[in-house]
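A.B. asks: generate coordinates for the sequence data below:
(2 chains)
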Amino acid sequence: NAGVMQNPRHLVRRRGQEARLRCSPMKGHSHVYWYRQLPEEGLKFMVYLQKENIIDESGMPKERFSAEFPKEGPSILRIQQVVRGDSAAYFCASSPFTGNTGELFFGEGSRLTVL
Amino acid sequence: KNEVEQSPQNLTAQEGEFITINCSYSVGISALHWLQQHPGGGIVSLFMLSSGKKKHGRLIATINIQEKHSSLHITASHPRDSAVYICAVRETSGSRLTFGEGTQLTVNP
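C.D. replies: Prediction:
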């Protein structure tokens, strides 16, 4: 039973390019969370998704960032027109249960570097 | 003031020592998580607590809901315990986690 899989593990982009980060939750998990860890800072919530639905996106920057979790396939965090300040580690976590009751399982993270 | 405060920020110990990391929070919560992060590595969930105490191997986590405080203890510490330990709370009002800044633990042989 594979854990939460994130890819790519490392991604380098130039300013203005697009970054796509993928997260495959654990088998049977239908709840996905994305978190961002800026250099030398703590983790911050970005978005909570269930299959085909965005439940809470209150932590997402208003522009350039979007997330989806389609019926089939991984969850994707998309960053358009990246800037240097987007350089960070992006972690995905999945849970089998809704809201407040589920234990979280984290992926290894995707480390984005914007040149 | 952060909603989740951890102390100490940095902790250096000798192998074998008993270690305590503290977490205080200011919001109503439904659960508290203790996480471990190795340098450049992923995040491992150590405990999820809503009351009382949990033990796993050399790790013990306790929570006092009335005092809004949790502690993570490591008995007989080992250099492989060196990592950042992060406290995170899930507020009763929503689904998001709010994280502490983390405690960098270094255990020297």
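
A.B. asks: so who does A:S87 touch?
C.D. replies: A:L38, A:P39, A:L112, A:T113, A:V114 (Cβ atoms under 8 Å, 6 or more residues apart in numbering or on different chains). Any C-beta I mention is one placed from the backbone N, CA and C, and that applies to glycine too.

A.B. asks: PyMOL command to pick out the buried ones of those residues?
C.D. replies: Command for PyMOL that selects the buried part of the contacts of A:S87, burial taken from 16 or more other Cβ atoms under 10 Å in any protein chain shown:
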select buried, chain A and resi 112+114
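
A.B. asks: turn the contacts of A:S87 into TSV, columns for distance to A:R20 and secondary structure.
C.D. replies: Listed next are those as TSV, based on distance: Cβ to Cβ, whole Å; DSSP: H, G, I helix; E, B strand; the rest coil:
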residue	distance to A:R20	secondary structure
A:L38	19	coil
A:P39	21	coil
A:L112	10	strand
A:T113	15	strand
A:V114	14	strand
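
A.B. asks: could you dump the contacts of A:S87 into CSV and include pLDDT and distance to chain B?
C.D. replies: Formatted as CSV, these follow (pLDDT from 0 to 100; distance: Cβ to the nearest Cβ, whole Å):
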residue, pLDDT, distance to chain B
A:L38, 91, 12
A:P39, 86, 12
A:L112, 97, 14
A:T113, 97, 13
A:V114, 97, 18
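
A.B. asks: quick one: residues contacting the residue lying closest to A:P96 once chain neighbours are set aside.
C.D. replies: Nearest in space to A:P96, with sequence neighbours left out and distances taken as Cβ to Cβ, 6 or more residues apart in numbering or on different chains, is A:H29 at 5.0 Å. Residues in contact with A:H29, defined by Cβ under 8 Å, 6+ apart, are A:S94, A:S95, A:P96, A:F105.

A.B. asks: by mean pLDDT, point me to the weakest helix or strand of chain B.
C.D. replies: Within chain B, confidence by mean pLDDT, DSSP states H and E is lowest for strand B:97-99 among all helices and strands, at a mean of 90.

A.B. asks: neighbouring strands - and their directions - for it?
C.D. replies: strand B:83-91 (antiparallel) (DSSP bridges).
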